[in-house]
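*Asks:* Mind looking at a prediction? Sequence and model below.
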Amino acid sequence: MTGVKQVKISGIEISQHRLEFAPPFHASWDSKPRHHWDATIVRVHTDAGLTGIGSGDLMLGFAGHEELFVGEDALAIERHYRVLSHINFHYGRCWPLDLALWDLAGKITGQPVWKLLGGLADKVRAYASSGTLRGPAEMAEVAERYLAQGFRAMKIRFQRGDWRDDIRALEAVRARVGDRLELMVDCNQGWRLPHDTYAPWTLKDAVAVGRELEQLGVYWMEEPLHRADRAGMRRLREMVDVRIAGGEMTRELTEFRDLIVEGCLDVVQPDAALVGGITGLRRVALMAQEHNLVFTPHTWTNGMGVMANAQLVAGVADAPYLEYPYDPPEWDLDRRDYMMAKPLSLDAEGAIPMPDAPGLGYALDEDRLARTRVG
Ligand SMILES: [Mg+2]
């Protein structure tokens, strides 16, 4: 034993919150309009009086497993990761607990997490991730507004039914912004919500779209095929020049290993709030780096999830841009970050500055959380 005092986990508290809103948000990847935005908040309490906080997936199946953590050394993060990966196998995705443990590790050591992870960069450039489908003229206006706010990159959704209509929206944006904005396209073919039963694109659909994207100088083509179609992704990657991105909801780290080793992706996009936590994705980020691929997480949860992923990227990865879910008026900071004491915002150059505060650098709006609590 060293003389260092161990900080022990004394309790885990999970609460569910719901912000109701009107008008609804029409997410391009969901056939049902969204009338509310749910948040799961995980707090890890310790015998030292420090509390780590995380948010992200719903923590389904965690109830009853608290005793596997209570009384344990808070900094035994690899041990906790193994338990969470077993829970992930048997039940739901409980990775917000891993984010809370990293927040706690930062608070125990007095350092921001991005420094504990490697301290590679003190800010992360963001790309504006649009979420709703608009006509070509309106998309061009949206792009102009992003530019005015400092963004240098934007992601456009392709889910208008016929991809030729999507191409028209993309063409309108490119015609308006020229090379002032880097453009990404999300085809959203990797997975569906439980109620959406239509089929994903075939390889030939994806090749036809990919060739159009090449012409329009698109930076990456995201989820062009079903997540399990590794052979299709590999062939598509060889057939078109545009970078192929994917993996946002892919569940197992071994699947990322296979996607990387088999040459299926140029851009690897797991989300620490939904897959593997920071502990697991640190491995994926390094794996991607060793294969000269881009690692840049999906972040479509809330500002706490964006920040957790940003800290991971700032610590270890060279991501050119990180996703920043933002599509006002339907998807603004008031909705996205209602659980936070201060919404996560960007600097004038469209970058997320890395906080100096110990941990993950965010705080909760306790009054708002009390008013929105549903479980
Ligand atoms: Mg996506």
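*Replies:* Received it, and whenever you're ready, just let me know what you need.
*Asks:* which residue sits closest to the closest residue to the ion within the chain, ignoring its sequence neighbours?
*Replies:* Residue nearest to the ion within the chain: Asp186 (4.4 Å; CB to the ion). Yep, even glycine has a C-beta here, placed from its N, CA and C like the rest. Using CB to CB, 6 or more residues apart in numbering and skipping the chain neighbours, the partner closest in space to Asp186 is Glu222 (4.2 Å).
*Asks:* What is the neighbour count of that neighbour?
*Replies:* 25 (other CB atoms under 10 Å).
*Asks:* wait, isn't the residue of the chain closest to the ion in contact with Arg157?
*Replies:* Yes: look at Asp186 against Arg157 with CB atoms under 8 Å: they come within range, at 5.4 Å.
*Asks:* where does the residue nearest the centre of the chain land in three-state SS?
*Replies:* Centroid-nearest residue in the chain: Thr299, 1.8 Å away (criterion: CA atoms, centre = their mean). Three-state call for Thr299 (DSSP: H, G, I helix; E, B strand; the rest coil): coil.
*Asks:* What residues does it make contact with?
*Replies:* 129, 271, 273, 305-306, 309-310, 322-325 (CB atoms under 8 Å, 6 or more residues apart in numbering).
*Asks:* redo that, cut-off 6 Å
*Replies:* Counting by CB atoms under 6 Å, 6 or more residues apart in numbering, Thr299 makes contact with 305-306, 309, 323.
*Asks:* Scan these and report the most crowded one.
*Replies:* Asn309 leads the contacts of Thr299 on contacts (other CB under 10 Å) with 31 neighbours.
*Asks:* Helix or strand: which one has it?
*Replies:* helix 303-316 (DSSP states H and E).
*Asks:* likewise Phe62?
*Replies:* Using DSSP H and E, no helix or strand contains Phe62.
*Asks:* Ignoring the adjacent residues along the chain, who's closest to it?
*Replies:* Per CB to CB, 6+ apart, closest to Phe62 is Cys94, 4.7 Å.
*Asks:* Verify the stated contact: Thr40 with Leu58.
*Replies:* Yes: assessed by CB atoms under 6 Å, Thr40 is found in contact with Leu58 at 5.3 Å.
*Asks:* and the two? which has more neighbours close in?
*Replies:* Shown here are Thr40 and Leu58; by other CB under 10 Å, Thr40 has more neighbours (23 against 16).
*Asks:* Which element, helix or strand, includes the more buried one?
*Replies:* With DSSP H and E as criterion, Thr40 is part of strand 34-46.
*Asks:* Tell me the helices and strands packed up against the helix or strand just after that strand.
*Replies:* Sequence order places strand 51-55 as the next helix or strand after strand 34-46, per DSSP H and E. With contacts defined as 3 or more CB pairs under 6 Å, 6 or more residues apart in numbering; DSSP states H and E, the packing partners of strand 51-55 are strand 34-46, helix 96-109.
*Asks:* Which residue ranges of the protein form strands?
*Replies:* 9-25, 34-46, 51-55, 123-129, 153-157, 182-186, 220-222, 243-246, 267-268, 294-295, 322-325, 351-353 (DSSP state E).
*Asks:* Now render those as a markdown table, adding mean pLDDT and distance to Gln111.
*Replies:* Compiled in a markdown table, those are given as follows (pLDDT from 0 to 100; distance: least, CB to CB, whole Å):
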| stretch | mean pLDDT | distance to Gln111 |
| --- | --- | --- |
| strand 9-25 | 97 | 19 |
| strand 34-46 | 98 | 17 |
| strand 51-55 | 98 | 13 |
| strand 123-129 | 98 | 17 |
| strand 153-157 | 98 | 30 |
| strand 182-186 | 98 | 32 |
| strand 220-222 | 98 | 33 |
| strand 243-246 | 98 | 31 |
| strand 267-268 | 98 | 27 |
| strand 294-295 | 98 | 22 |
| strand 322-325 | 98 | 21 |
| strand 351-353 | 98 | 16 |
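*Asks:* okay, these in TSV with distance to Leu116 next?
*Replies:* Shown next, in TSV, are those (distance: least, CB to CB, whole Å):
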stretch	distance to Leu116
strand 9-25	18
strand 34-46	16
strand 51-55	13
strand 123-129	16
strand 153-157	28
strand 182-186	30
strand 220-222	29
strand 243-246	28
strand 267-268	22
strand 294-295	18
strand 322-325	19
strand 351-353	17
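*Asks:* Compare the helices and strands packed on strand 51-55 and give me the one nearest Glu330.
*Replies:* strand 34-46 (9.2 Å; CB to CB).
*Asks:* in that closest one, what's buried?
*Replies:* The neighbour-count check on strand 34-46 (16 or more other CB atoms under 10 Å) flags 34, 37, 39-46 as buried.
*Asks:* for stretch 113-120, same thing?
*Replies:* Within stretch 113-120, the residues scored as buried using 16+ other CB under 10 Å are 113-117.
*Asks:* what's the span of stretch 264-273, first residue to last?
*Replies:* 23 Å (CA to CA, to the nearest Å).
*Asks:* And stretch 151-165, by the same measure?
*Replies:* The first residue of stretch 151-165 is 25 Å away from its last residue (CA to CA).
*Asks:* Which residues outside it are in contact with it?
*Replies:* 28, 127-129, 133, 143, 146, 166, 170, 181-188, 209, 321, 350.
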